[in-house]
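1. Got a predicted model here, sequence first, then my questions.
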Amino acid sequence: MRLKKLSIVAVMSMMCLAVNAQEKSCSKDFTPKKGDFTIAATVGYNSYASVTALPGTLTNYEAAALSTNWSDKKLMVGFEGGWFFKDLWKLNLGGGFNFTNNPGYSSVPGTMDEGATAEDNMGEIPNYRAIADAQSFSYNVFAGVDRYLKMKKVPNLMPYLGVRVGFAYGLNEMKYDEYETMGKSTAETYNLRGAITFGVDYFVLPAMYVGVQVDPFAYTYNMTTYKPQEGLGNLSADSHNFSVLAAPTIKIGFKF
């Protein structure tokens, strides 16, 4: 709901700017030309992939593909770069990555006996489990091509239609320094996404624009794999997601 409200505000703002442009500066054309570059901050669909390794001491394991439904994701600020390789034709590139390391620590044994009663363990020192030595790595990349259209009545308002392809990957590894642990536990996931994109950019100033976009149709494939112990086979699950009017996005960018 928050994203829908932001989209409505952005569209209304662009309409107001368009009216002002007609009244004050219809003769000024701030639209990009061949060779121009753009960079924009975006608020919208979170396309990162994140997964958590399973404990290596369970008796049963099951796997489920991670959700690729855009409405299940949280809002995220991202960046998008573009290059007008021809008039009205723009190449888009974007992405990002994350890396987290969690140092591991050994367990600290106490004096409690797991087989004893609560009364027998009264006053005893509890056991502290080891902290897992873990690391997580994720990244996403996307590319696309947009075809812009000129609006004669509002010269700085440019609708466009384009295509996007993207890839997102996430890896999590975890190992406990305990005798119960059977080696390192790993989990990894990846998304493959393709979409048709429609949007509108309004060039407020010679070097600044605002925009909104949505994907009329998008397809995402996900594969999620777990290996809770070294030497075991992979436990995998995958999914196919089809979306209509997906991933509304708001943009504020600069042209140079």
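-> Thanks, I have it.
2. Which SSE is immediately downstream of the helix or strand of the chain with the lowest mean pLDDT?
-> Using mean pLDDT, DSSP states H and E, the weakest-scoring helix or strand in the chain turns out to be helix 2-24, at a mean of 49. Tracing the chain past helix 2-24, the next element assigned as helix or strand by DSSP states H and E is strand 37-44.
3. So for that following strand, mean pLDDT?
-> For strand 37-44, the mean per-residue pLDDT is 92.
4. May I see the buried residues of it?
-> 38, 40, 42-44 (16 or more other C-beta atoms under 10 Å). All C-beta atoms are positioned from the backbone trio N, CA, C, and that covers glycine.
5. now those in a markdown table, with distance to Asp215?
-> Shown next, in a markdown table, are those (distance: C-beta to C-beta, whole Å):
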| residue | distance to Asp215 |
| --- | --- |
| Thr38 | 19 |
| Ala40 | 17 |
| Thr42 | 13 |
| Val43 | 15 |
| Gly44 | 10 |
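6. ok, these vs Val145, which is closest?
-> Checking the buried residues of strand 37-44 against Val145 with C-beta to C-beta, the nearest one is Thr38 at 13.8 Å.
7. contacting residues for the nearest residue to the closest one once chain neighbours are set aside?
-> In space, and not counting its chain neighbours, Thr38 is closest to Gly82: 4.1 Å by C-beta to C-beta, 6 or more residues apart in numbering. Neighbouring residues of Gly82 by C-beta atoms under 8 Å, 6 or more residues apart in numbering: 37-40, 90-93, 146.
8. Please apply the same query to Asp113.
-> By C-beta under 8 Å, 6+ apart, the contact list for Asp113 reads 120-121, 124.
9. out of those, which is most surrounded?
-> Asn121 (16 neighbours; other C-beta atoms under 10 Å).
10. Which residue is the nearest non-sequential neighbour of that residue?
-> Met112 (4.9 Å).
11. Verify the stated contact: the one you found with Asn127.
-> Yes: in this structure, Met112 is within contact of Asn127 by C-beta atoms under 8 Å, at 6.0 Å.
12. quick one: which of the two has more around it?
-> With neighbours defined as other C-beta under 10 Å, Met112 and Asn127 compare such that Met112 has more, 16 against 12.
13. In which helix or strand does the more buried one reside?
-> Using DSSP H and E, no helix or strand contains Met112.
14. OK, contacts around it?
-> By C-beta under 8 Å, 6+ apart, the contact list for Met112 reads 121, 124-127.
15. pLDDT below threshold where in the stretch 101-250 of the chain?
-> The model of the stretch 101-250 of the chain has no residue with pLDDT under 70.
16. for Gly44, what are its contacts?
-> Per C-beta under 8 Å, 6+ apart, neighbours of Gly44: 3, 75-76, 78, 247-250.
17. cool, and Asn102?
-> Counting by C-beta under 8 Å, 6+ apart, Asn102 has contacts 131-135.
18. Could you rerun that using 6 Å?
-> Taking C-beta atoms under 6 Å, 6 or more residues apart in numbering, we find Asn102 in contact with Ala134.
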